[in-house]
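Participant: pasted the sequence and its predicted model underneath.
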Amino acid sequence: MEKKMKWVENECHDHLMTERSSCQDQVISEEKDVHEPMIKEEINVHDEVIKEEKEVNANVIIDKKKKKKEELKLP
């Protein structure tokens, strides 16, 4: 009787652990499904910001060069 109880206990424990593992895998999968698009969007936004910063910096440099040329032309 005790052997059978132990066997049932082990079977239940194994089943619960398998179920738990399956649930954890599902949660991880769902988190990836949510996080991956967010990360891609964040990267796209970051790349866009860097691109805009480069354009602004280039325009600032061009404006500075124009001002310097104009200052040199003044008598």
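Facilitator: Happy to help now that I have it. Please read these numbers as outputs of a predicted model, since none were measured by experiment. Numbering: from 1, shown residues only.
Participant: so residue 15 versus residue 40, what's the distance?
Facilitator: 38 Å (CB to CB, to the nearest Å). In this view, the C-beta of every residue, glycine as well, is placed from N, C-alpha and C.
Participant: and residue 49, how many neighbours?
Facilitator: 10 (other CB atoms under 10 Å).
Participant: also residue 50?
Facilitator: Considering only other CB under 10 Å, residue 50 is surrounded by 10 other residues.
Participant: okay, it: pLDDT?
Facilitator: Reported pLDDT at residue 50 in the predicted model: 97.
Participant: how about residue 75?
Facilitator: So residue 75 comes in at 66 (pLDDT).
Participant: repeat that for residue 43.
Facilitator: 95.
Participant: so how many other residues sit close to it?
Facilitator: 10.
Participant: all further residue positions should be reported with the first residue as 26.
Facilitator: All set: I'll call the first residue 26, so the last point we hit is now residue 68.
Participant: secondary structure element for it?
Facilitator: Per DSSP states H and E: residue 68 is located in helix 27-98.
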